[in-house]
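Colleague: got a predicted model here, sequence first, then my questions.
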Amino acid sequence: MEAFQLLSRGGVQFDKNRFKQDVQLFDKTSKKGGNSKALVQNADGQLPTQLDFFKYAQAGPSKKRKGAEAGLSHADGLKRRKAEESEDEEGDDADVDMPPNSAPPIPRHKVTTKGSNVPPPADTFEALKERYNVPSHLMSNLLQYGYTAPTAIQSYASPILLDSRDLAAISPTGTGKTLSYLLPLMTALGAPGSSSKIDAGVGVRAIVLAPTRELAHQIHNECLKLAQGRKWRIVLFSKATAATLADKAVRDKVDVIISTPLRLVASLQSGHLTLDNVRHLVLDEADRMLDTEFLSQVQEVVAACTHEHVQKAVFSATLPAGAEKIAMDMLNDPIRVVVGLKDTPLPLIAQSLTYVADDPSKLPTLLTYLSQPYNPPVLIFASSQPRATSLAEELVLHAIPNVDCLHAGMTKKEREDAVSRMRRGESWVMVSTEVMARGMDFKGVREVINYDFPQSVQSYIHRIGRTGRAGREGKAITYFTDEDAPYLKSIANVLLQSGSQVPEWILKLPKPSKLKRKQMGKVKRAEAVNPARRVGRGEAIKKRDMIAGSQRRKEKAGKGEKHNADAGGEDFDMAP
Ligand SMILES: Nc1ncnc2c1ncn2[C@@H]1O[C@H](COP(=O)(O)OP(=O)(O)OP(=O)(O)O)[C@@H](O)[C@H]1O
């Protein structure tokens, strides 16, 4: 990390002439051209011999794959998927998404709903305001966004929430889910709790849970934008705010808390927070929140929300059957809304698969890619913190300009700074881990590269969903090695479902079994992406170990100090 920081922030001079073409790319709007295309570089429609471990290429097509092998087109792929959706859904009106002035039109999406007495969608923000009496200060703040009409999920989800119904909403990445719950939530709260106009009870009235600190922060910012001009108390839960809220007089005045589950549960357990006045609970990235890592914490939060009229809503771009069942059991007489096709990215993202043989071949492939004109900012996903750091270091050492890195092993300040640089457009290449895969909205991200194969179809959908947001086009490249090949079919199905073409030899691969799918992306990879690199990394590790040693000695000295002070002895300094 040290080498990376030193070089990326101070040591490397950016040669503007050399990267003139790249600089110009910043001024261009997204690339024109055909829609999604699935490309497998090095592939001529045939299974490369080195991947044909089980001689699938020679096997006859299965019945299921016949359509694909007969040259399934985009439309055919989508039709087939539609037919496969066998749920008894109603209300399938397509709606029109109007873009903000500066953005391209968000494409039409088919919307399906399931549940009793589904309220009709609101096609305009004005309709929503009239029907549900949206406070004028929220409406005027909304106007500042420049959105001319609600997106599909906003049209459908907002009336459902404003009708006080529980909701499970599934809508592709970048389609405005955040506003679809924030606007109704703030409307339902009516006015800040401190206002005498409403009976707000005592204590926080709404909770939004998100899986990462970065996402919670982003939602908090969106909420503040919507709330500006009134004295709403909207808290981004952190160690510091949790300490402040330990004071009952302060926490009783809070309207909304946005948090990660762990932080909130810690406060619940220490008795510094009660949720008995909570009337709205939203789980963003619901499938992640309901997976084994977070489930018990989320259940604890749900159990603590004891108000008799607590409304619950879950949102995500993906909701696999298992997570959906847990969600539905948690909700009360819910309505389910699906925008587009479930677990399917938007066709705005041009997806491709690149064969790279083995792990050491990825770096040269990436360097070659970045040595040609590309569309910054590019977001690159690595499978672990050390690999993200190592890859960022490598890119810096290869003089790739404006490289950045973000993962959960960095300090809070480092993470915040990295996000800020990304938002300011200072990062051209951001290397990250799953921490950035969900929910993060950097409008300008033009390209996503899956350097390491994702661990699940859901992870793939969320990672590539960092581009192609709010109606913009994007590009997503996924590297795969021989070791990843057994899982390729799962990702290829996603390409197919989103209307992309997939080379025949991939379609001939067998679908991995459920057991096998669990192993997806869990290939053992070296911590360093360049095994040949010894010097820079060795130095960095040596320095890191020296710092750790120094800290240990200081701590020891501290204890010694205390002991000495107790004994009336002298203070002493430890050499680093
Ligand atoms: N009505 C609208 N018109 C145009 N753009 C909008 C509208 N509502 C939201 N957006 C923009 O769309 C982008 C994506 O919104 P948001 O982050 O809420 O997407 P999301 O569906 O939650 O995505 P993800 O699944 O990745 O979390 C944001 O930049 C937001 O400003």
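Modeller: That came through fine.
Colleague: spell out which parts of the stretch 101-250 of the chain neighbour the ligand.
Modeller: Contact residues (CB under 6 Å from any ligand atom) of the stretch 101-250 of the chain with the ligand: 103, 147, 150-151, 154, 171, 173-179. Quick note: C-beta positions are derived from backbone N, CA and C, even for glycine.
Colleague: quick check: A206 vs A304, distance?
Modeller: 14 Å (CB to CB, to the nearest Å).
Colleague: who has more neighbours out of those two?
Modeller: A206 (25 against 18; other CB atoms under 10 Å).
Colleague: bridged to that one, which residues?
Modeller: Beta-bridge partners for A206, by DSSP bridges, are V256, H280.
Colleague: now it: how far from A437?
Modeller: 26 Å.
Colleague: show me where pLDDT drops low in the stretch 451-576 of the chain?
Modeller: 521, 534-545, 548, 558-576 (pLDDT under 70).
Colleague: quick one: the strands in it?
Modeller: Under the criterion DSSP state E, counting those that start in this stretch, strands of the stretch 451-576 of the chain are mapped to 474-481.
Colleague: interface residues of it facing the ligand?
Modeller: Close to the ligand, as judged by CB under 6 Å from any ligand atom, the stretch 451-576 of the chain has residues G465, R469, A470.
Colleague: go again with 8 Å.
Modeller: Applying CB under 8 Å from any ligand atom, we find that the stretch 451-576 of the chain lies next to the ligand at H462, G465, R466, R469, A470, G471.
Colleague: out of the residues you listed, which are buried?
Modeller: Buried residues within these, counting neighbours by 16 or more other CB atoms under 10 Å: H462, G465, R466, R469, A470, G471.
Colleague: quick one: which of these sit in helices?
Modeller: Those of these mapping onto helices are H462, per DSSP state H.
Colleague: in this protein, which residue is closest to the centre?
Modeller: The centre of the chain sits closest to R438, judged by CA atoms, centre = their mean, with a distance of 1.0 Å.
Colleague: ok so, going back, in CSV, list the buried ones among the residues of the stretch 451-576 of the chain next to the ligand along with distance to D123.
Modeller: Converted to CSV, those look like this (distance: CB to CB, whole Å):
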residue, distance to D123
H462, 29
G465, 25
R466, 29
R469, 22
A470, 18
G471, 17
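Colleague: low-scoring stretches of the stretch 151-300 of the chain, by residue?
Modeller: Confidence mapping of the stretch 151-300 of the chain against pLDDT under 70 gives the ranges 196-198.
Colleague: mind running it again at 80?
Modeller: For the stretch 151-300 of the chain, the stretches with pLDDT under 80 are 194-200.
Colleague: now do the helices in it.
Modeller: Taking DSSP state H, counting those that start in this stretch as the test, the helices found in the stretch 151-300 of the chain are 152-162, 177-189, 213-227, 239-245, 248-251, 261-269, 286-289, 295-304.
Colleague: which of the ones you listed sits most buried?
Modeller: Comparing these by mean neighbour count (mean count of other CB atoms under 10 Å), helix 152-162 ranks first with a mean of 27.
Colleague: quick one, that helix and helix 177-189 angle?
Modeller: Orientation of helix 152-162 against helix 177-189 (axes from the mean of the first three to the mean of the last three CA atoms, to 10 degrees) gives an angle of 20 degrees.
Colleague: going forward, begin numbering at 388 instead of 1
Modeller: With 388 as the first residue, the last one maps to helix 539-549.
Colleague: so what touches helix 539-549?
Modeller: 482, 484, 493, 495-496, 498, 500, 505-510, 515, 518-519, 537, 554, 556, 558, 562-564, 566-568, 570-572, 574-575, 698, 700, 702, 722, 724, 726 (CB atoms under 8 Å, 6 or more residues apart in numbering).
Colleague: quick one, which of those residues are buried?
Modeller: Here, 16+ other CB under 10 Å leaves 482, 484, 493, 496, 498, 500, 505-506, 508-509, 515, 519, 537, 554, 556, 558, 562-564, 566-568, 570-572, 574-575, 698, 700, 702, 722, 724, 726 buried among the contacts of helix 539-549.
Colleague: that older thread, in TSV, list the residues of the stretch 488-637 of the chain next to the ligand along with distance to L623.
Modeller: Formatted as TSV, those follow (distance: CB to CB, whole Å):
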residue	distance to L623
A490	27
Y534	24
P537	26
T538	25
Q541	23
S558	24
T560	22
G561	22
T562	24
G563	21
K564	19
T565	14
L566	18
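Colleague: can you pull the domain assignment for this protein?
Modeller: The chain is divided into the following domains under automatic domain parsing: 388-495, 498-726, 736-951.
Colleague: list the residues that contact both of A593 and A691?
Modeller: Common contacts of A593 and A691, defined by CB under 8 Å, 6+ apart, comprise V665.
Colleague: any idea how far K626 lies from T741?
Modeller: For K626, the distance to T741 equals 42 Å [CB to CB].
Colleague: cool, and G796?
Modeller: Distance, G796 to T741, using CB to CB: 27 Å.
Colleague: more crowded one of the two?
Modeller: When neighbours are counted by other CB under 10 Å, T741 comes out ahead of the other of G796 and T741, with 19 against 15.
Colleague: whichever helix or strand that one is part of packs against which elements?
Modeller: Remark: T741 resides in strand 736-744, with elements defined by DSSP states H and E. Packed against strand 736-744, as judged by 3 or more CB pairs under 8 Å, 6 or more residues apart in numbering; DSSP states H and E, are the following elements: strand 427-428, helix 749-757, strand 861-868, helix 875-884.
Colleague: and the ones you listed as JSON lines, adding distance to A653 and mean neighbour count?
Modeller: Converted to JSON lines, these look like this (distance: least, CB to CB, whole Å; neighbours: other CB atoms under 10 Å):
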{"stretch": "strand 427-428", "distance to A653": "47", "mean neighbour count": "16"}
{"stretch": "helix 749-757", "distance to A653": "39", "mean neighbour count": "18"}
{"stretch": "strand 861-868", "distance to A653": "36", "mean neighbour count": "23"}
{"stretch": "helix 875-884", "distance to A653": "36", "mean neighbour count": "22"}
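Colleague: so which of those gets nearest I736?
Modeller: strand 861-868 (4.7 Å; CB to CB).
Colleague: each with direction, which strands does the closest one pair with?
Modeller: The strands beside strand 861-868 in its sheet (DSSP bridges) come out as strand 736-744 (parallel), strand 834-837 (parallel).
Colleague: near the ligand at all, the shortest one?
Modeller: No: taking CB under 8 Å from any ligand atom as the criterion, strand 834-837 and the ligand are apart, separated by no less than 11.8 Å.
Colleague: how distant is that strand from the center of its chain?
Modeller: 13 Å (CA atoms, centre = their mean, to the nearest Å).
Colleague: and for the first one?
Modeller: Centroid separation between strand 736-744 and its chain, computed with CA atoms, centre = their mean, is 20 Å.
Colleague: and that strand with the ligand, contact?
Modeller: No: Strand 736-744 lies out of reach of the ligand by CB under 8 Å from any ligand atom, never closer than 11.7 Å.
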